[in-house]
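Q: Have a look; sequence and predicted model below, questions after that.
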Protein chains: 2
Amino acid sequence: MNPNRPSSNRPVYLKLRDQIAAAIIDGAYPEGAMLPSVRALAAEQGANPLTVAKAYQQFQNDGLVEVQRGVGMYVVRGAAERLRAAERETFLREEWPEIRSRMQRLGLDPADLAVVL
Amino acid sequence: MNPNRPSSNRPVYLKLRDQIAAAIIDGAYPEGAMLPSVRALAAEQGANPLTVAKAYQQFQNDGLVEVQRGVGMYVVRGAAERLRAAERETFLREEWPEIRSRMQRLGLDPADLAVVL
DNA sequence: CGAGGTGCATCAGTGCCATAATACAGCCAT
DNA sequence: ATGGCTGTATTATGGCACTGATGCACCTCG
């Protein structure tokens, strides 16, 4: 009834990007470590290597990942914290206001749902 | 830096749909009242009439709006509450879990942000 | 010097979205 | 009845995002 913002029909490269970002923040990809190669991650996720590359792209643009051509991509020092700070900033500025007003309209209170975990 | 879920580059017909839904829930389009005509709303919003029609489409499919051919479209009795209930349901089931875990990863607590209004 | 692993550029295909130009069917007030 | 308002169906078109297949440039290791 409501085709709103389901993560399902979201572009694959964005889902991958979120997933990788989460892995970096959580330390699943530690700083200094090498990321899975585009082909490896593509095979694992059942996606196209180029789609994975597109997901990786932003991280190197933002300087969170260092590319050694012919070798691989490595997580830069301080990437986790920088990434978290940046994501937090944009979340609060662009996403939360809409979510907040939307919940308000629906008669929901974030404080009540906070405990649900 | 983060092209995540900006309402900006969302399809027009979906933005219109959300906007109309909000107007119904808030009572800006009271029950029994006639909605703006496709052409009128299109002109006002600078969109194409067919795009507006596409936005209206779902509401009649869901029986929240009644069409009187040659006259206009009217908000059905009980539409506001039914709409709110449906949106609340899908929000809690599909959107909130992701938001919740995302905030958790970023070190944010919904309860803290609730007061900000 | 190859072999096999990297990332990356190029080109092509597909589908959704939005717009446009008409045209039609129904209702209503003048 | 006629003009003017409703929603709707049709067809075509341009743009853009997403995905995909292929091949090339680069590096490391044995």
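A: Now that the structure is in, tell me what you want to look at.
Q: where do the helices sit along chain A?
A: For chain A, the helices defined by DSSP state H occupy A:12-26, A:38-45, A:49-61, A:79-90, A:96-106, A:110-114.
Q: Would you mind measuring from the residue nearest the centre of chain A to B:Glu98?
A: Nearest to the geometric centre of chain A sits A:Asp18, at 2.0 Å (C-alpha atoms, centre = their mean). Distance of A:Asp18 to B:Glu98, computed by C-beta to C-beta, to the nearest Å: 9 Å. Using the backbone N, CA and C atoms, a C-beta is placed for each residue, glycine as well.
Q: where are the low-confidence patches of chain A?
A: Chain A contains residues with pLDDT under 70 at A:1-8, A:115-117.
Q: Around DNA strand C, pick out the residues from it.
A: Residues of chain A that fall close to DNA strand C, judged by C-beta under 7 Å from any atom of the strand: A:35, A:37-40, A:49-50, A:53, A:56-57, A:60, A:67, A:69-73.
Q: Got a PyMOL select line for the buried ones in these?
A: Filtering the residues of chain A next to DNA strand C down to the buried ones (16 or more other C-beta atoms under 10 Å in any protein chain shown) takes a single PyMOL command:
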select buried, chain A and resi 35+37+38+53+56+72+73
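Q: which of the residues of chain A next to DNA strand C come close to DNA strand D?
A: Among these, the residues that sit close to DNA strand D (C-beta under 7 Å from any atom of the strand) are A:49-50, A:69-71.
Q: Of those, which is the nearest to chain B?
A: A:Leu50 (18.0 Å; C-beta to the nearest C-beta).
Q: Now do the contacts for the closest residue to that closest one other than its chain neighbours.
A: Residue nearest to A:Leu50 in three dimensions, not counting chain neighbours: A:Val38, with 7.8 Å by C-beta to C-beta, 6 or more residues apart in numbering or on different chains. Residues in contact with A:Val38 (C-beta atoms under 8 Å, 6 or more residues apart in numbering or on different chains) are A:49-50, A:52-53, A:56.
Q: let's see 7 Å
A: Neighbouring residues of A:Val38 by C-beta atoms under 7 Å, 6 or more residues apart in numbering or on different chains: A:49, A:52-53, A:56.
Q: that older thread, of all the ones next to DNA strand D among the residues of chain A next to DNA strand C, which comes closest to A:Thr90?
A: Distances from A:Thr90 to those, taken as C-beta to C-beta, are shortest for A:Leu50 (25.8 Å).
Q: residues from chain A in reach of DNA strand D?
A: For chain A, the contact set with DNA strand D under C-beta under 7 Å from any atom of the strand comprises A:11-14, A:47-51, A:54, A:68-71.
Q: In TSV, list the helices of chain A along with distance to B:Pro30.
A: What follows is these, written out as TSV (distance: least, C-beta to C-beta, whole Å):
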stretch	distance to B:Pro30
helix A:12-26	39
helix A:38-45	49
helix A:49-61	46
helix A:79-90	37
helix A:96-106	16
helix A:110-114	29
